[in-house]
Structure formats: structure tokens, C-alpha cells
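>>> quick one, fold the following:
(chains A and B)
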Amino acid sequence: MNDSRYIITGLIVFIVLVTFPFWANAGKAAPAPAPSLDTPAIQQLPEKQCVEATAYMRTDHMKLLDEWRTQVVREGKRIYVASNGKEYEMSLEKTCLECHSSKAQFCDQCHNYLDVQPDCWTCHIEPKENK
Amino acid sequence: MGMAFSFLIVVALIMVVTLGVGVAGLQYMFGVIIPYAAIAIFLAGMAYRVIKWARAPVPFRIPTTAGQQKSLPWIKASTFDNPSSTAGVIGRMALEVLFFRSLLRNTKMELHQGPRLAYHWEKWLWLGGLLFHWSFLIIFLRHLRFFTEPVPSFVSRLEGIDGFFRFGVQGLYITDIIILVAVTYLFLRRVVIPQVRYISLPADYFPLFLILGIASTGILMRYFFRVDITAVKELTIGLVTFSPRVPEGVGILFYIHLFLVCILGAYFPFSKLVHMGGIFLSPTRNLPNDSRARRHINPWNYPVKVHTYEEYEEEFREKMKMAGLPVEKG
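As a prediction, the model looks like this:
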């Protein structure tokens, strides 16, 4: 009968906890990452096109890298034939980082935004940052 | 019957969102309006249910006693199974909420040849339930990475532990597998055990199918048919900062996932799932057994008009004497 104050307190605590994202982000602008394509290698490209289409790269780059890793390390194949017929060397450091030379722009921005912690750099050499 | 009905409802819900987003292009409807409505219904519904429970009078102690009550000092009392103090109740509630202690006591009764009655330990339901609930909680907390910017460190740590194993180059969340196995078990148990099947209603199957749908779309989206996760976070952050925007090119799988979650949230307060709040308000668990130590008086007892024997005799003494009846006072 006289437990209402405990129950209401509990209810308020619950609602505050559940709405955590609403008040934790209140008044903060959290702009989506917008990687700048302005690197020397990209500027020199006649057609600004990654190994596959942009939409595919945005969603599936990790699967492509996984596939490349399997092909190179386990099968010993080094040439990737893209869906448009172009050939690329399957290499993170030589092919990907050639254009996407800024790790801060092309890796960290989105990975930090989404709190993704890939372990690429436990084996690969982290590129020297050229800002 | 109930099973097919619940299954068809979940299928129909998936059809609705697939047609709505895929054909009619109602991204704003399914990405913004329905999520807001679902959150509002969830919060208001939970508050309504809890306040309604809080108004129900509980004048007396009615705990389930599952152990020795506190008695003479040389009799060992059972602190958690028959708590006599607030501390004992807190311990009992904590064990109940976090580890489902009363479910651990579950037994199965069987009649053997003889006839001989036997009670078995039955821990599978407890184990399945525990794994399911804990996985759900961890998955729920992990999703905070989509709703906060910057992401709190405890979420990252949780992800790190949960994603200890690898799937390709990605972290494989162990809770993703556990929740699928646990929900499948909880479902199969309803189908396979005849007694449980007999008492299962559509309201039992529906949440299971819904959660199974949510978990599988989530897993498909993460490991197999990727969606643009950056755009997803743009949408979710837009929701929590009240500046909703629907980015282009988020896959249909995401909208199915989100819509099923919205349905779950809106359905939650009005279904058996509200045991999340109800467990805290169970009078058989959250009251100390102190009826013998303390007198509990029903607060709305009205004054009862009594007529004691003394008063009766006062009133009728002369008449009683005349009739030759014995009286107490001369």
C-alpha cells in the first residue's frame, strides 16, 4: 500500500535508463562521416571508380577484403578480376591504400563512428599519415 | 493452430514492410514515424501497467515460503528462500531477476512402473531461459553503438568480449548464436512436450517467432547480406537527436529488422513480455515473511460494530434472571 514511492522511483529509473540515447545525445550534432576523396592518387584517376561500385564497397568491403585475404594467403592468387573486367592486384597496401592513402579519412572515420574495431593493422603496416 | 496463426502474423508483418518500403517507398513511415510511435507506446504502456499494478492493494505479506522461516536462534533460517528482512528480500529478488532462481527449482514429475512416483531435476528450461535473456540483454546493450555518438566505452568493451571469435575478418558475436539456439529451444519445447503444447497459446508463439525474426534478420544483415551500416547509423542518430532523416540506399533487410523491433516494443507492455516489469512487483517474491514478527493491520478495515457478551448481559440481566438463566455478575 505504501510502496508507491518505491515503485514510482523504480519506474522513473527504468524510463531514464531506456531513454539513455535520447538524453545522452541531446543537443549534440553527430554528423555522418563524409570521407574526402581528395588524395593525389584519386585526383589523377581518369574515372573515380574503386575496384567495385561505390554502393557495394560501402556495404561489402570487409567481405571483399576477407575474400582477397583467402585468395592471396591460402590460394596464392594475386590477381582480382573486377565485375567490369578490370584486373587489380589483391593487396591492401599496394592497391587499396594507393588511392585511399589516408587511414584517418577512409578507415577511422566510419569505423570510429560505428565503433568497429577491425584487426587489419595487427599484421599490415599502418600507413604513415599524410594530412 | 496458435502456432500457424502466430507464424502467419509474423510473415504478414514482414510482407507489410517489404511492400511498404520496397514497392511503395514509405521509407519515412517505416524509418521514422513507426519507430517514434513504438517508443512512445512502449514507454507509456510500461508506465501504465506498472502504475496500475502499484494501485493494487497488498495489505498482507504473501511471500512464497520455500525454506525455514526465521524462528528460534538455534534453528537455521533460510535467508533467501524465506526472507525475514529487507536485505533478504533484496537478495532474493536479485537472484530471481538475474539468475531465475525459482526456475532452477523446476522439477519434472513422472510415474514409473510399480507404480512409483519420481521427481527429476529439470534444468533445461532454466538454462534456455537464462541464455536467452542474457543474450538479449547483451545484444540490446551492444546496439547502443547505433544510438550514441561517441559510443560509450562500456559498449565497446562489451562488443570486444562478445566478438571474441571471428567470422572471416569480422567479429562473430557469440550472443548471436546463443540467442538463436535458445529461442529455437524455447520454441521446440512448446512443440515437442505434449503438456506444454496443450497450454501454449498464440500469445506464447508470437513473441518467439517475432524474436526469431528479429535475430535472424539482424544476423543476415551483419554477416551475409550487408546493408550500408553508416547510413543506418545516420538514421538512428537522427531519431535520437530528434532531427530525423532517411538516408538513401539502406537495404530492405534493415527496414524489416527495424519494423519487427518496433512491433515487439509496441506489443511489449500489453503482452506476457511485460514480466520484465512484473517480476519486480511480484508480492510472492518481494515481501519479507515477517507476519509473525510484526502485526499487519489491513489499512482499510472499517470499525466493526461489536456487541460483547458483557454488554449483552448488561442489557438483558434482569430478563435472564427472571427466566432463570445463569449470569456472570450478580
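>>> quick one: buried residues of stretch A:99-109?
By 16 or more other Cβ atoms under 10 Å in any protein chain shown, the buried positions in stretch A:99-109 come out as A:99, A:100, A:101, A:102, A:103, A:105, A:106, A:107, A:109. C-beta here means a position set from N, CA and C on the backbone, and glycine is covered the same way.
>>> can I assume the first one is in contact with residue A:38?
No - with contacts defined as Cβ atoms under 8 Å, residue A:99 does not count as touching residue A:38, sitting 11.1 Å away.
>>> confirm for me that residue A:81 is in contact with residue A:87.
Yes - using Cβ under 8 Å as the test, residue A:81 is close enough to residue A:87 to be in contact (5.6 Å).
>>> chain A contacts on the stretch 1-150 of chain B?
Contacts of the stretch 1-150 of chain B with chain A, taken as Cβ under 8 Å from any Cβ of the partner chain, map to B:42-43, B:46-47, B:50-51, B:53-55, B:57-59, B:144-150.
>>> still on that earlier bit, which residues do residue A:99 and residue A:38 both contact?
Taking Cβ atoms under 8 Å, 6 or more residues apart in numbering or on different chains as the contact definition, residue A:99 and residue A:38 share no neighbouring residue.
>>> burial measure for residue B:111, as a count.
Residues lying near residue B:111 (other Cβ atoms under 10 Å in any protein chain shown) number 9.
>>> one step back: among the residues of the stretch 1-150 of chain B next to chain A, which lie within strands?
Restricting these to those inside strands, with DSSP state E as the criterion, leaves an empty set.
>>> nearest spatial neighbour of residue A:97, skipping sequence neighbours?
Spatially, and ignoring its direct neighbours in sequence, residue A:97 is nearest to residue A:127 (5.3 Å; Cβ to Cβ, 6 or more residues apart in numbering or on different chains).
>>> what of residue B:120?
Nearest in space to residue B:120, with sequence neighbours left out and distances taken as Cβ to Cβ, 6+ apart, is residue B:108 at 4.4 Å.
>>> give the contact list for the closest residue to residue B:290 other than its chain neighbours.
In space, not counting the residues next to it along the chain, residue B:290 is nearest to residue B:84; the distance is 5.5 Å by Cβ to Cβ, 6+ apart. Neighbouring residues of residue B:84 by Cβ under 8 Å, 6+ apart: B:69, B:70, B:77, B:288, B:289, B:290, B:293.
>>> how far is stretch B:30-42 from where the chain is centred?
Centroid displacement of stretch B:30-42 relative to its chain, using Cα atoms, centre = their mean, to the nearest Å, is 21 Å.
>>> likewise stretch B:124-132?
Relative to the mean C-alpha coordinate of its chain, stretch B:124-132 is positioned 14 Å out (Cα atoms, centre = their mean).
>>> let me see the mean pLDDT of that stretch.
Stretch B:124-132 shows a mean pLDDT of 95 in the predicted model.
>>> just stretch B:38-50 next, same as before
96.
>>> contacts for that stretch next, please.
By Cβ under 8 Å, 6+ apart, the list of residues contacting stretch B:38-50 from outside reads A:7, A:10-11, A:14-15, A:18-19, B:261-263, B:265-266, B:268-270, B:274, B:277-278, B:281.
>>> and the helix or strand bottoming out on mean pLDDT in chain A, what does it pack onto?
Of all the helices and strands that make up chain A, the one with the lowest confidence by mean pLDDT, DSSP states H and E is helix A:40-44; it has a mean of 77. For helix A:40-44, the helices and strands in contact under the criterion 3 or more Cβ pairs under 8 Å, 6 or more residues apart in numbering or on different chains; DSSP states H and E are helix A:97-99.
>>> hey, where'd the strands end up in chain A?
Along chain A, the segments classed as strands by DSSP E run A:79-81, A:87-89.
>>> and the stretch 1-150 of chain B, by the same measure?
Counting by DSSP state E, counting those that start in this stretch, the stretch 1-150 of chain B has strands at residues B:107-112, B:116-121.
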